[in-house]
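In: from the sequence below, what's the structure:
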Amino acid sequence: MTDFYTQAQELFKYTQSMRRDFHMHPELGFQEIRTAGIVARELQSIGLEVTTGIGKTGVVALIEGSRPGPTLLLRADMDALPIIELTGTEYASQNSGVMHACGHDGHTAILLTVAKMLNSSKDRFPGTIKLVFQPAEEGQGGAESMIADGVFENPKVDVTFGLHLWNERPVGWLGIAEGSTMAGAELFTIKITGKGGHGAMPHGAIDPVLTGAHIVTALQSVVSRNVAPLESAVVSVTQFHGGDAFNVIPQTVELGGTIRTFKLDVRDIVLKRVEEITVQTAESFGCKAEFTNTRLTPAVINDSRTIKIVQEAAGKVLPELKVDTSAPITMGSEDFAYMMEKVPGCFVFVGSANAEKGLNYSHHHPKFDVDERALVDAAALMAQSAVELLNSK
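Out: Sure thing, here's the model as predicted:
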């Protein structure tokens, strides 16, 4: 019986060709028409029954094991980002202004490869594998959309598994940690209303620009003075919009940003203090401020039993690789957390950077690219983990 790492190596050219094709033709969230079409075609070509249009542009297929058992959901995200690519590679984006700058092209190719591997190894596991190709992970609600369309039903899902290529670590590294591994994310907006006036006569105005500057500065105290030193949180103001002329103090200013936390009690504290500081600082300058926030994702929290099984699977199929069990991995967020809230499971990271080849730009950078050897590691890990998880149930 061929091991999954050997199979993944044998299928590397297929995985690479799929990944590069998706990379050349990136599509934004809920616009993954071409990508979803190719995914459906590839799954049908190996004899799987495919359902499309789940969560608008999502694709789902089932692989039945050799005997009755639980259902494992394997997920890959398909969407790209609104970024102008600057890699200069032969497979660079042909869709101007859109780029696979986070690795989702690789994730989709990996899961297609895993589908081939597991479909030819049905005698090795009981139950059902539900292959889920998700749209719109990048803050647009793709996971929630698929959940609303019943992705956890028919058959009912018992455990979930996802992974991410990770350019913060080199090829040969695996992040398989128990507990909180990625932060929950909010976006927030602050609208400050003052009194417009002439820039040369500021005494006659109530300046929302000055007020906004003080709010930005004051918000830096939230984490340092309201969150316990052994806890984690981030408050980042990333947008500051106001005014249209050099000599006019505007009537309003708008700020925007993100909040990241792991624990619900920390989240509550941060949200409360950000709103209080915003409103009270604005009032002290004679302005009014409105604070609104939208929850993008909860934290990614790995189930302890599931993660131990995946750690053991990694030791079997990738014994030469370093398995890092320290958590958290990142303050970045991931909407697979919504699926894990519904059904516990795990989300793991596969190192994909190579500094010697210049393949070490961070996610969401216009020069982001991965060492494609990581595709083999990821496919082998996902396939082995699937078999181990289903047999453990």
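In: show the pLDDT at residue 85.
Out: What the model reports as pLDDT for residue 85 is 98.
In: what sits against it?
Out: Shown in contact with residue 85 (Cβ atoms under 8 Å, 6 or more residues apart in numbering): 92-93, 99, 101, 366. Quick note: C-beta positions are derived from backbone N, CA and C, even for glycine.
In: repeat for residue 147
Out: Neighbouring residues of residue 147 by Cβ under 8 Å, 6+ apart: 55, 338-339, 342.
In: cool, and residue 244?
Out: When contacts are counted by Cβ under 8 Å, 6+ apart, residue 244 touches residue 250.
In: wasn't it part of a strand?
Out: No. Checked against DSSP: H, G, I helix; E, B strand; the rest coil, residue 244 lies outside a strand; its state is coil.
In: just want the most central residue of the protein.
Out: In the chain, the C-alpha nearest the mean C-alpha coordinate belongs to residue 334, at 3.3 Å (Cα atoms, centre = their mean).
In: hang on, the earlier thing: out of the contacts of residue 147, which are buried?
Out: Buried by 16 or more other Cβ atoms under 10 Å: 55, 338-339, out of the contacts of residue 147.
In: which SS state does the spatially closest residue to residue 220 that is not a sequence neighbour fall under?
Out: Using Cβ to Cβ, 6 or more residues apart in numbering and skipping the chain neighbours, the partner closest in space to residue 220 is residue 235 (7.4 Å). Secondary structure assignment for residue 235 (three-state DSSP): strand.
In: tally of neighbours for residue 235?
Out: 24 (other Cβ atoms under 10 Å).
In: correct me if wrong, but residue 191 is in a helix.
Out: No. Under three-state DSSP, residue 191 sits outside any helix and is assigned strand.
In: residues contacting it?
Out: With the criterion set at Cβ under 8 Å, 6+ apart, residue 191 makes contact with 252-254, 289-290.
In: would you reformat these as a markdown table and include distance to residue 193, secondary structure and neighbour count?
Out: Converted to a markdown table, the contacts of residue 191 look like this (distance: Cβ to Cβ, whole Å; DSSP: H, G, I helix; E, B strand; the rest coil; neighbours: other Cβ atoms under 10 Å):
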| residue | distance to residue 193 | secondary structure | neighbour count |
| --- | --- | --- | --- |
| 252 | 5 | strand | 17 |
| 253 | 8 | strand | 25 |
| 254 | 10 | strand | 15 |
| 289 | 8 | strand | 24 |
| 290 | 8 | strand | 14 |
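In: from these, which two are the most distant?
Out: The distance between the two most remote of these (Cβ to Cβ) is 11.6 Å, for 253 and 290.
In: returning to that earlier point: mark which of the contacts of residue 85 are buried, thanks.
Out: Among the contacts of residue 85, the ones that count as buried by 16+ other Cβ under 10 Å are 93, 99, 101.
In: any idea which strand is longest in the protein?
Out: What stands out as the longest strand in the chain, according to DSSP state E, is strand 159-170.
In: how far is that strand from where the chain is centred?
Out: 9 Å (Cα atoms, centre = their mean, to the nearest Å).
In: and that strand, which residues are buried?
Out: Neighbour count says strand 159-170 has 159-170 buried, by 16+ other Cβ under 10 Å.
In: mean confidence for that strand?
Out: 98.
In: can you name every helix or strand that the helix or strand following it contacts?
Out: Counting by DSSP states H and E, the next helix or strand C-terminal to strand 159-170 is strand 173-175. Applying 3 or more Cβ pairs under 8 Å, 6 or more residues apart in numbering; DSSP states H and E, we find strand 173-175 packed against strand 159-170, strand 322-324, strand 345-353.
In: tell me the buried residues in the shortest one?
Out: Buried residues in strand 322-324, counted by 16+ other Cβ under 10 Å: residue 323.
In: helices along this protein, start to end?
Out: For the chain, the helices defined by DSSP state H cover 4-10, 12-24, 33-45, 104-119, 142-148, 208-219, 221-226, 264-284, 304-317, 336-342, 373-392.
In: which one, of the ones you listed, ends up nearest to residue 356?
Out: The nearest among those, by Cβ to Cβ, is helix 373-392 at 12.4 Å.
In: quick one, that closest one and helix 304-317 angle?
Out: 120 degrees (axes from the mean of the first three to the mean of the last three Cα atoms, to 10 degrees).
In: list the buried residues of helix 373-392.
Out: 373-390.
In: repeat that for stretch 324-338.
Out: Applying 16+ other Cβ under 10 Å to stretch 324-338 flags 327-338 as buried.
In: what about those residues, which are in strands?
Out: Applying DSSP E to the buried residues of stretch 324-338, no entry is found in strands.
In: just for the stretch 151-300 of the chain, where's the confidence low?
Out: Across the stretch 151-300 of the chain, nothing is flagged by pLDDT under 70.
In: let me fix that, I meant to ask about the stretch 1-150 of the chain.
Out: For the stretch 1-150 of the chain, residues meeting the criterion pLDDT under 70 lie at 1.
In: redo that, cut-off 80
Out: Along the stretch 1-150 of the chain, segments meeting pLDDT under 80 span 1-2.
In: out of the contacts of residue 85, which comes closest to residue 320?
Out: Nearest to residue 320 among the contacts of residue 85: residue 101, at 29.2 Å, using Cβ to Cβ.
In: re earlier: of all the helices of the chain, which lies closest to residue 73?
Out: Minimum separation from residue 73 across the helices of the chain (Cβ to Cβ) falls at helix 336-342, 7.0 Å.
In: for that closest one, the distance to its chain's centre please.
Out: Here helix 336-342 is found 12 Å from its chain centre; the criterion is Cα atoms, centre = their mean.
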